[in-house]
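Colleague: What follows is a predicted protein model with its sequence.
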Amino acid sequence: MNNLTFLKELEELSGENISSCYQCYRCTVGCPVVTQMDIYPHRIIRYIVLGEREKVLRAKSIWTCLQCITCSVRCPNDIDIAHVFDTVRKMAIKEQKAAEQDTWTFDKAFLESVERHGRLHEIEAILRYKVEKKNFFEDAKMGIGMFLKGRMGILPHNVKDRKQLKEIFKKCGQ
Amino acid sequence: MAALTYYPGCSLKTSSKFYETSIKQVFSSYGIEIKELPDWSCCGASAAHTVDDRLAHALVARNLALTEARDHHFFAPCSACYIRSKVTNERMRQDKEFRKDINNVISPLKCLGTGEVKNIIEVLHDHVGIELIARGLRHDLSALKVVPYYGCVLTRVMGMEAFDDKENPTSMDSLLWALGVELISWPYKMECCGASKTLTNKDVTYTLSGKIMDRAVLLGADTIVTPCPLCQLNLDLLPYLGRTEKALPILFLSEVFELALFGRLTGSNSHVIAVDEIIKKVKEID
């Protein structure tokens, strides 16, 4: 009998009935980015059931996922696979095992901007991400193009009650 | 005259400002009044739920609570805002423990989940209807070949009913049909455009959006029509992502209404891929 701790832990955290998977592959077949995954979605689910903690937490696939929810909608056992992936992401970050940092770095930059202004200040979030990545010029042409089309604002949009927003972030441990 | 609380979300104030302008013109011509939610904040989009689930729900609940204090219509044109709001609203209404916890986070505000979250397709169906739309046409769009592109998240919700089919939605098709365009049926209605990967891994967006564009070109369409600001942006940015092959302009759903009602596009200069050819195909009704 394999170790069920990992499965139980993830089922608890995600609220999903992961063990009901019968490996029909529908998630994998419908995934738009499956060709870029190191471990296919149905296998991630299987590895979770088998207790392969390290393999799952260090998988690139969980970061390749676009959260388009196609797999979840198609699952005959109603497992919200995208949500399972999302839960694994948090665990991988917590245990410092994430195979890729970019998505997380960008999401954090995005949220910091929201915490500061209440609304996303696109250019600030993007620049902060670029600073983290030490990569300024890669998308400069695209950014300038967007600016010229009036599609990239310079000034932030601030909400009035920023104090309450900060409070929300604080209460959620951010 | 219907009045709705309008939640623009960050996109409609920055990268897709012309979508807001377009919606306002079209809605006002149908007698729908939209009032922007005062002091609204970001819904957290795809970032918040990846970092922290409670934060994701709390950010949305704040806006829902502000809306509930005014009326019960919450109109969110952006697909990400819409789906995040819809999911949280449903849980706030049904799950008592969850409601208590989230309300504690957003206190002194209070959200009960009693509002009704709607996207642009639903508003046009519910508050105008295809009969009125078809009767009110002022320009002939029959020369315009259109592929309807819903984007990946609009109807994909787990554990609850969606407003349309989760695999093959048709609600936008019927609106476009009422506008008199030539609709082309295709299998890419809900394929993902690459979403927020444009910044972190742009090859993904280049490949996915490129595939959608290739198919639309192959089918002989003049334009791809979408209600989602991120889909519009990603597809419109294809020339910057390295695409050298033919690329069709991507119109917002409300822009097709603009063409049918006024025969012009207010936001034509905001499109990266030129829309001139589209406007040329609009004819006067004689």
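Modeller: Cool, the structure landed.
Colleague: How are the strands of the stretch 151-286 of chain B distributed by residue range?
Modeller: B:182-183, B:223-226, B:250-252, B:283-284 (DSSP state E, counting those that start in this stretch).
Colleague: mind putting those in JSON lines, mean neighbour count, mean pLDDT and distance to chain A included?
Modeller: C-beta: built from backbone N, CA, C; applies to glycine. JSON lines is the format used below for the strands of the stretch 151-286 of chain B (neighbours: other C-beta atoms under 10 Å in any protein chain shown; pLDDT from 0 to 100; distance: least, C-beta to the nearest C-beta, whole Å):
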{"stretch": "strand B:182-183", "mean neighbour count": "17", "mean pLDDT": "97", "distance to chain A": "23"}
{"stretch": "strand B:223-226", "mean neighbour count": "26", "mean pLDDT": "98", "distance to chain A": "15"}
{"stretch": "strand B:250-252", "mean neighbour count": "27", "mean pLDDT": "97", "distance to chain A": "13"}
{"stretch": "strand B:283-284", "mean neighbour count": "10", "mean pLDDT": "92", "distance to chain A": "28"}
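Colleague: so what's the residue nearest to residue B:179 when sequence neighbours are not counted up against?
Modeller: Excluding the flanking residues, the one nearest residue B:179 by C-beta to C-beta, 6 or more residues apart in numbering or on different chains is residue B:260, at 4.7 Å. Counting by C-beta atoms under 8 Å, 6 or more residues apart in numbering or on different chains, residue B:260 makes contact with B:137, B:138, B:139, B:141, B:179, B:180.
Colleague: So among these, which ones count as buried?
Modeller: Among these, those classed as buried by neighbour count (16 or more other C-beta atoms under 10 Å in any protein chain shown) are B:139, B:141, B:179, B:180.
Colleague: what's the longest helix in chain A?
Modeller: Scanning chain A for the helix with the most residues, using DSSP state H, yields helix A:102-117.
Colleague: Okay, domains of chain A per the record?
Modeller: A:5-94, A:102-171 (automatic domain parsing).
Colleague: and those, which one's lowest on average pLDDT?
Modeller: Across those, domain A:102-171 has the smallest mean pLDDT, namely a mean of 85.
Colleague: hmm, it touching chain B?
Modeller: Yes - for a cut-off given as C-beta under 8 Å from any C-beta of the partner chain, domain A:102-171 has contacts with chain B, namely A:102-108, A:110-111, A:114, A:118-120, A:122, A:126, A:129, A:139, A:141-142, A:145-146, A:149-153, A:157, A:159-161, A:164-165, A:168-169, A:171.
Colleague: what's the burial count for residue B:163?
Modeller: With neighbours defined by other C-beta atoms under 10 Å in any protein chain shown, the count for residue B:163 comes to 18.
Colleague: Quick one: residues contacting it.
Modeller: B:119, B:121, B:122, B:155, B:171.
Colleague: Most neighbours out of the residues you listed, which is it?
Modeller: residue B:119 leads the contacts of residue B:163 on contacts (other C-beta under 10 Å) with 27 neighbours.
Colleague: separation between it and chain A?
Modeller: 16 Å (C-beta to the nearest C-beta, to the nearest Å).
Colleague: got the buried residues for the helix or strand hosting residue A:170?
Modeller: Using DSSP states H and E, residue A:170 sits within helix A:162-171. For helix A:162-171, a neighbour-count test (16+ other C-beta under 10 Å) marks A:164, A:165, A:167, A:168, A:169, A:171 as buried.
Colleague: again, but for stretch A:51-65
Modeller: Those would be A:51, A:52, A:53, A:56, A:57, A:59, A:61, A:62, A:63, A:64, A:65, for stretch A:51-65 by 16+ other C-beta under 10 Å.
Colleague: Same check on stretch B:36-43?
Modeller: So, applying 16+ other C-beta under 10 Å, buried residues of stretch B:36-43: B:37, B:39, B:40, B:41, B:42, B:43.
Colleague: Quick check: the two most widely separated of those?
Modeller: B:39 and B:43 (14.0 Å; C-beta to C-beta).
Colleague: As CSV, the strands of the stretch 151-286 of chain B with distance to residue B:268 would be great.
Modeller: Below are the strands of the stretch 151-286 of chain B laid out as CSV (distance: least, C-beta to C-beta, whole Å):
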stretch, distance to residue B:268
strand B:182-183, 21
strand B:223-226, 12
strand B:250-252, 10
strand B:283-284, 18
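Colleague: which one of these lies closest to residue B:66?
Modeller: It is, among the strands of the stretch 151-286 of chain B and with distance given as C-beta to C-beta, strand B:250-252, at 25.8 Å.
Colleague: Please state the offset of the closest one from the chain centre?
Modeller: 10 Å (C-alpha atoms, centre = their mean, to the nearest Å).
Colleague: other SSEs contacting it?
Modeller: strand B:223-226, helix B:229-236 (3 or more C-beta pairs under 8 Å, 6 or more residues apart in numbering or on different chains; DSSP states H and E).
Colleague: Tell me which strands it pairs with, and in which orientation.
Modeller: strand B:223-226 (parallel) (DSSP bridges).
Colleague: Now do the partner strand: distance to the chain's middle.
Modeller: 12 Å.
Colleague: And the contacts of the one helix or strand in chain B whose mean pLDDT sits lowest?
Modeller: One helix or strand of chain B scores below all others by mean pLDDT, DSSP states H and E: helix B:197-200, with a mean of 78. Helix B:197-200 is touched from outside by A:66, A:102-103, A:105-106, A:126, A:129, A:139, B:204-205, B:233-234, B:237, B:241, with contacts defined as C-beta under 8 Å, 6+ apart.
Colleague: what do you get for stretch A:52-64?
Modeller: Taking C-beta under 8 Å, 6+ apart as the rule, stretch A:52-64 contacts A:6, A:33, A:36-41, A:44, A:47-48, A:85, A:88-89, A:91-92, A:95, A:97-100, A:102-104, B:204.
Colleague: give me the number of residues near residue B:69?
Modeller: For residue B:69, using other C-beta under 10 Å, the count is 11.
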